[in-house]
Structures are given as C-alpha cells and as structure tokens.
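The following comprises the amino acid sequence and a computationally predicted model.
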Amino acid sequence: MDRHDLEAALTGAGFREYEIEGVHEPAWRPSEYLYLRWREGRWAVGLCERGEYVQMRGFTDEDEACRFFYDLVTSSKPPPPPGELPSVEELEESQRIAWEEYRRARDAQGNGERPPDDN
C-alpha cells in the first residue's frame, strides 16, 4: 500500500479529517487530526494538535506506515456525512456519558453540587 492507496481506502470508508503529506489534507483544520508525513528519511505517523506535530511512530517502509496509519484512523467511528445529523438516541447517549464523566469528576473533588435535572 502506498499513500495514494491509503487515501482512497480512507475516503472510501468515510474518513476525511487526516493529513497524508502531498496527497490529502483535512477540508478544514480541526484542533487535532492524525497525520502521515515524510521526515528525515522516515515516515512519521502522529497527531497534530493545535498546530503542534507530535510523532507517535516512525517507519522506514511506506507500506508498513500506511497500514499502521489506516488501522489508527479506522479504529475510531467515522464522522457522519456532511448534512447528516446524529439521531436523538445518539445525542441522548452522548449527553448521558458526559454527565457521568462530570459526576465522576465532581465526586473526585468532593464537590456536592448537583447539575440541573440530576436525579
């Protein structure tokens, strides 16, 4: 697999927010995204967060780097297509998880305040 094969596979799977140097850039610059770049004689795979490139792994072989990058990107759920909204159930589940995380953090701090509509 080379960079062009990788880009075709990721696009076909519905992923858009990643960078493959010389082949694909995100349509817009999210605050963080995965990247594959050629640096100092090696393929670098990493995370760009707020403009800071942090390398996770380096490879000498393009095929190996592309396969690792594909697995890394596809391990997350692809975003919905443009214009498609999440279902009410998905929104409710996201809200439930967020409140659980909030409560867990609040309890760890010993703060007894309750969020609105908390049962």
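Perfect, thanks for sending it.

partner residues bridging Val54?
Beta-bridge pairing of Val54 under DSSP bridges involves Leu47.

I figured it was touching Leu47, is that so?
Yes - judged on C-beta atoms under 8 Å, Val54 makes contact with Leu47 at a distance of 5.3 Å. In this view, the C-beta of every residue, glycine as well, is placed from N, C-alpha and C.

Can you report how many residues neighbour Ser94?
By other C-beta atoms under 10 Å, 11 other residues sit near Ser94.

now it, nearest residue through space, not along the chain?
Spatially, and ignoring its direct neighbours in sequence, Ser94 is nearest to Pro86 (7.7 Å; C-beta to C-beta, 6 or more residues apart in numbering).

looking at this structure, which helix or strand does the model trust least?
Least confident helix or strand, the chain: helix 88-109 with a mean of 82, by mean pLDDT, DSSP states H and E.

Check the offset of it from the chain's centre.
Remark: helix 88-109 is offset 20 Å from the chain centroid, using C-alpha atoms, centre = their mean, to the nearest Å.

Please save the CA atoms from it in CSV.
C-alpha atoms of helix 88-109 as CSV (Å, rounded to 0.1, in the frame of the first residue of the first chain):
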residue,chain,number,x,y,z
VAL,A,88,-31.9,11.6,19.1
GLU,A,89,-30.8,8.4,20.7
GLU,A,90,-27.1,9.1,19.9
LEU,A,91,-27.4,12.6,21.3
GLU,A,92,-29.1,11.4,24.5
GLU,A,93,-26.3,8.7,24.9
SER,A,94,-23.6,11.4,24.4
GLN,A,95,-25.3,13.6,27.0
ARG,A,96,-25.6,10.7,29.4
ILE,A,97,-21.9,9.8,29.1
ALA,A,98,-21.0,13.5,29.5
TRP,A,99,-23.0,13.8,32.7
GLU,A,100,-21.4,10.6,34.1
GLU,A,101,-18.0,11.9,33.5
TYR,A,102,-19.0,15.2,35.1
ARG,A,103,-20.4,13.5,38.2
ARG,A,104,-17.3,11.3,38.4
ALA,A,105,-15.0,14.4,38.3
ARG,A,106,-17.2,16.3,40.7
ASP,A,107,-17.2,13.4,43.2
ALA,A,108,-13.5,13.1,43.0
GLN,A,109,-13.2,16.7,44.0
